[in-house]
Structure formats: structure tokens, C-alpha cells
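[1] pasting the structure only:
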Ligand code: SF4
């Protein structure tokens, strides 16, 4: 692990809350998981103007220099915390005690080959995270299974042509929809057709998903080539370097740091975490993006909970606090949830 990873961990509560990692030496990573509409009609109950610390710590993209003073700042108690958040969190833990959400069995961090070398395992973790973007856990797990059956390494991916790789990832031919229709230069592409069809079904998110799928083969090839050229086939050990890779976003980077390197670098926020944090008013004001939510949560959530919160809320979002028609009637937080009254 590089110095950056160490320094990130020692800030504030000095607690990683992680188990093991895929570090050189062969240890296995502890399972972790990963994570819509921004505020979803969130009403403002307080006109209090957002006040930020003049010198807010940004954990996510720091490298290795000059962090000692900021660590001292993070030891101070947060100036604001949501009302009832501990009771809400305990209720979610109770509702998630069965560990039977898709994320608990099929999440990207469960998809690597435990018998592979640590370096290969780390690559597989990153690849599964890239595949999981805007994709159901079941689809990601299936793609990883097919890729692993052929021997999933940096070299094997670089030796696989795009067509074969696309078919392995999306055997139903989804990935091909990005290609122009043969013999019709300048005509409508397959992707455009699919997007129109999905939009006609009311699926803005689905059309975005199609675009995401169409880019994955390209990003995987580009990122894998960079890993081979610059990192000796390993993955980088800092968020700053990870997010610089094509197709790797902040959520993936923080999860990769946690699963592959055993370092809690920040809260991994996906659409589930973003949505639920806003519904429960876990952000001081409504947030418009997962990144904004991540920064808002890191302002007050104790660091020892940073790793746990992703898997907890993702599974809760898959089973109970659904994007549309959440199961509030079955939710232990119904009486504590400000958003429930308006849903
Ligand atoms: S009460 Fe409804 S909106 Fe609130 S956390 Fe529970 S499921 Fe989500």
C-alpha cells in the first residue's frame, strides 16, 4: 500500500472497519459491497443556509502529501448530524440482518477468483466493479463467471478481441447495440433505436444504461492496457490514480480501495445510497448527485461506519427502500422517515 492509503486511514476516528485485503502476500479480502433522483421532491424543512467548513477535508482524491494537519481537524465532532440517524441505522441493520439481498451474494466484491494471485484478484475486483456500473448484480456475476472460465488476467483481456469480449460480457448481444447498422452509413444506430424504445417505455435510466453498456468494452480494454503499461499488471493503490482510469468513477475507486487494498478511502455512494440518504435526510441539504452525497455524508458520519454503509444501504435499497414505490409499510423506519409522509 502506498503512503496515501495509510494517511487516509489515520484521519479522524482512526478506524478502518475493514477486515483483510488483497495485498501482496496472498490474504483474501473481506466481503464488501457496494451501492436517482437527487432529492426526490425533498422538501426544505429548514431555510438554514448551508455552511461548510472553511477548510473541508476531501478524503477521496488526496495523494500522499501534506495531510497531517487535516487529520487533526477530523478528530473534532461534526457540527451537524441528522436527527435520529442512529435509530434509523439500527433499524436498517435489523431489516438487513438476513443478508439476503442480491448485493450480499452477487456483489462485485464476491466475483473474483480466490485461488488467483493477489495481483490477479485485485484486477478482477476492479473489472467486476467496472462491469457493475448501472448493471444488476446478477448480470455482473454472470459476466465475471464467463470471463473467469477463460482465465481472467490483464494479459488474457488484452489478447481478447473486442467482439469476443463483448459477447462474453453481454452474450445476448446488448453491447452490439452501439454499433452503426451495417450498410447504412449515417443512418440510425442500433443504440439510438434501443434508446428510443426504452424512452418510449418511460425508461430514461434504462437508455443511459444502454449507453453505459456500449462503453464498457472500450473502457475495459483501455484501462487494462494502462494497468499493464504503468502498474505492472496491478491496480493502483490510490483513489486519485483509480479515478484517472477510463471508466472508473469515485464509487468504484472507493470500493476497490476497500476490497482490493483494505483501505477505507471514502464512502462509496451509488444511486441506492444517494437516494436513501436523501429520503432519510442524512444530508444537511438535498443533494443532486452521488458525489455530492458522498461529501455530505463524510462531513458527519463516523469513519468507522464508512465501509459498512454502502452494502447496508444498497441491499436496503434493493429490497425495501426501492427507487419507485418503496415498501414503507414494511419499513421499521416509517415513523422516523421524513420522506415517507410524502411518498
Ligand atoms: S419509510 Fe419508506 S422511504 Fe423511508 S426509509 Fe423506509 S422504505 Fe425508505
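    Looks like it arrived, so ask away. Keep in mind that this is a model prediction, so the values were computed, not measured.

[2] residues from the chain in reach of the ligand?
    With CB under 6 Å from any ligand atom as the criterion, the chain meets the ligand at residues 279-280, 320-321, 326-328, 331, 333-334, 337, 339-340, 343. In this view, the C-beta of every residue, glycine as well, is placed from N, C-alpha and C.

[3] any of those residues buried? List them.
    For the residues of the chain next to the ligand, a burial check counting by 16 or more other CB atoms under 10 Å picks out 279-280, 320-321, 326, 328, 331, 333, 337, 339-340.

[4] circling back: and the residues of the chain next to the ligand, which of them are in helices?
    residue 279 (DSSP state H).

[5] would you turn the residues of the chain next to the ligand into a markdown table with pLDDT and distance to residue 136?
    Supplementary listing: the residues of the chain next to the ligand in a markdown table, determined by pLDDT from 0 to 100; distance: CB to CB, whole Å:
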| residue | pLDDT | distance to residue 136 |
| --- | --- | --- |
| 279 | 98 | 22 |
| 280 | 98 | 24 |
| 320 | 98 | 17 |
| 321 | 98 | 17 |
| 326 | 97 | 18 |
| 327 | 98 | 19 |
| 328 | 97 | 23 |
| 331 | 98 | 22 |
| 333 | 97 | 25 |
| 334 | 96 | 27 |
| 337 | 97 | 26 |
| 339 | 94 | 25 |
| 340 | 92 | 26 |
| 343 | 54 | 23 |
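
[6] with distance to residue 250 added, can I get the residues of the chain next to the ligand in CSV?
    Below are the residues of the chain next to the ligand laid out as CSV (distance: CB to CB, whole Å):
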residue, distance to residue 250
279, 21
280, 21
320, 25
321, 22
326, 25
327, 29
328, 30
331, 28
333, 27
334, 31
337, 27
339, 25
340, 29
343, 28
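
[7] before we move on, the earlier item: widest-spaced pair of the buried ones among the residues of the chain next to the ligand?
    Distance extremes for these: the farthest pair is 320 and 339 at 13.1 Å, using CB to CB.

[8] ok, which stretches of the stretch 51-200 of the chain are helices?
    With DSSP state H, counting those that start in this stretch as the criterion, the stretch 51-200 of the chain has helices at 68-74, 85-95, 102-106, 118-132, 137-149, 154-158, 162-169, 190-200.

[9] between the ones you listed, which gets the lowest average pLDDT?
    In terms of average pLDDT, helix 190-200 trails the rest of these, at a mean of 35.

[10] where does pLDDT dip in the stretch 151-300 of the chain?
    Applying pLDDT under 70 to the predicted model, the residue ranges of the stretch 151-300 of the chain that meet it are 171-214.

[11] for it, which residue gets nearest to the ligand?
    Closest residue of the stretch 151-300 of the chain to the ligand, CB to the nearest ligand atom: residue 279 (4.4 Å).

[12] what's the burial count for residue 224?
    Residue 224 has 25 neighbours, counted by other CB atoms under 10 Å.

[13] quickly find the element holding it.
    helix 204-231 (DSSP states H and E).

[14] ok, then the element right after that helix?
    Note on helix 204-231: by DSSP H and E, the next helix or strand toward the C-terminus is helix 239-243.

[15] which parts of the helix or strand just after that following helix are buried?
    Beyond helix 239-243 on the C-terminal side, the first helix or strand identified by DSSP H and E is helix 250-261. Across helix 250-261, burial judged by 16+ other CB under 10 Å covers 250-261.

[16] contacting residues for residue 331?
    Listed by CB atoms under 8 Å, 6 or more residues apart in numbering, the contact partners of residue 331 are 91, 95, 320-321, 337, 340.

[17] out of the helices of the stretch 51-200 of the chain, which is closest to residue 268?
    Closest approach to residue 268 among the helices of the stretch 51-200 of the chain (CB to CB): helix 118-132, 9.4 Å.

[18] what's the closest one packed up against?
    Counting contacts by 3 or more CB pairs under 8 Å, 6 or more residues apart in numbering; DSSP states H and E, the secondary-structure elements packed against helix 118-132 are helix 137-149, helix 204-231, helix 250-261.

[19] does residue 277 really touch residue 287, like I thought?
    Yes - judged on CB atoms under 8 Å, residue 277 makes contact with residue 287 at a distance of 7.4 Å.

[20] shared neighbours of the two, which are they?
    Common contacts of residue 277 and residue 287 (CB under 8 Å, 6+ apart): 293, 296.

[21] ok, the spatially closest residue to residue 145 that is not a sequence neighbour - how many residues close by?
    Beyond its immediate neighbours in the sequence, the residue positioned closest to residue 145 (CB to CB, 6 or more residues apart in numbering) is residue 111, lying 7.8 Å away. Burial of residue 111, expressed as a neighbour count using other CB under 10 Å, amounts to 24.

[22] from what I can see residue 111 touches residue 129, true?
    No - using CB under 8 Å, residue 111 is not in contact with residue 129; the gap is 9.1 Å.
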